[in-house]
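A.B. asks: How does the following fold in three dimensions:
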Amino acid sequence: MRQFRHLASAVRRKRVRELQTTASHLSQERFLQLLKGGLVAALLGLVGYVDLVTGYEISVFPLYVLPISLAVLFFGVPAGVAAAGAAGLVWTWADVAAGHAYSKPWIIYVNAGSRLVLFLFIALAAGNMVTALRRARSPLRSFSGTLPVCAHCGKVADHDGYWWEFREFLREFGGAVTQSKLCPDCAHEAYVAEEESAPPISG
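C.D. replies: Residues are numbered from 1 along each chain as shown. Below you'll find the predicted structure:
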């Protein structure tokens, strides 16, 4: 009974430590997410200020690419679309606050819509680039670091803990197509074994 209590107490302590570690990781992840979001917002505000100071005669359109692209990189395409919308509002504010006078009141809305469409295209293009880069890095990640190999059957474990046959692993993560052949050493051993097992030739 005493051993059972000690075992239960040890299990509870281990569970508490696991929960504390999980909470710590979640807290750090939340802090990093807030930090990244603050960086995107700060960059967008800085670009808007630069746009305001330089006036409407000088275009700083390329500077808006940075916060939109970072939003896509940090949080995905939906966040990039939201950043594109915010960038359109910031550009409109900077244009109006800089004293840009239009001959027709509706022109500002047309220009703002055009900018918004361009910003949305930037967000979508950045999303495609990030996806392509991550796909390109996936095979490299599979063949980097420690690669668990079963000492008995030779299966290989991926980063998710799934065990693959060696040929399937190469095909799935490396894009390689295996071809059955004999190396020189095995071919020599097979030849010697065949010679030894062959019945003697009677003369």
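A.B. asks: Skip ahead from the host helix or strand of residue 109 and say which helix or strand is next.
C.D. replies: For residue 109, the element it lies in under DSSP states H and E is helix 107-142. Sequence-wise, the next helix or strand downstream of helix 107-142 (DSSP H and E) is strand 156-157.
A.B. asks: just the helices in the protein please.
C.D. replies: Ranges of helices in the chain, per DSSP state H, are 2-54, 65-75, 77-97, 107-142, 166-174, 184-197.
A.B. asks: list the buried ones in the third one?
C.D. replies: Neighbour-count burial for helix 77-97 flags 77, 79-81, 83-84, 86-88, 90-92, 94-95 (criterion: 16 or more other C-beta atoms under 10 Å). All C-beta atoms are positioned from the backbone trio N, CA, C, and that covers glycine.
A.B. asks: Dump the helices of the chain into JSON lines; add mean pLDDT and distance to residue 149 as well.
C.D. replies: Output for these, formatted as JSON lines (pLDDT from 0 to 100; distance: least, C-beta to C-beta, whole Å):
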{"stretch": "helix 2-54", "mean pLDDT": "76", "distance to residue 149": "28"}
{"stretch": "helix 65-75", "mean pLDDT": "92", "distance to residue 149": "34"}
{"stretch": "helix 77-97", "mean pLDDT": "92", "distance to residue 149": "37"}
{"stretch": "helix 107-142", "mean pLDDT": "84", "distance to residue 149": "13"}
{"stretch": "helix 166-174", "mean pLDDT": "75", "distance to residue 149": "8"}
{"stretch": "helix 184-197", "mean pLDDT": "72", "distance to residue 149": "20"}
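A.B. asks: Comparing the ones you listed, which comes out most buried?
C.D. replies: Of these, the one with the most neighbours on average (mean count of other C-beta atoms under 10 Å) is helix 65-75, at a mean of 21.
A.B. asks: Please save the CA atoms from it in PDB.
C.D. replies: Taking C-alpha atoms only, helix 65-75 is exported to PDB below (Å, rounded to 0.1, in the frame of the first residue of the first chain):
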ATOM      1  CA  VAL A  65       5.600  45.500 -48.700                       C
ATOM      2  CA  LEU A  66       7.600  44.900 -45.600                       C
ATOM      3  CA  PRO A  67       4.900  44.800 -42.900                       C
ATOM      4  CA  ILE A  68       2.500  42.900 -45.200                       C
ATOM      5  CA  SER A  69       5.100  40.300 -45.900                       C
ATOM      6  CA  LEU A  70       6.000  40.000 -42.300                       C
ATOM      7  CA  ALA A  71       2.400  39.500 -41.300                       C
ATOM      8  CA  VAL A  72       2.200  36.600 -43.900                       C
ATOM      9  CA  LEU A  73       5.400  35.100 -42.600                       C
ATOM     10  CA  PHE A  74       4.500  35.300 -38.900                       C
ATOM     11  CA  PHE A  75       0.800  34.500 -39.000                       C
END
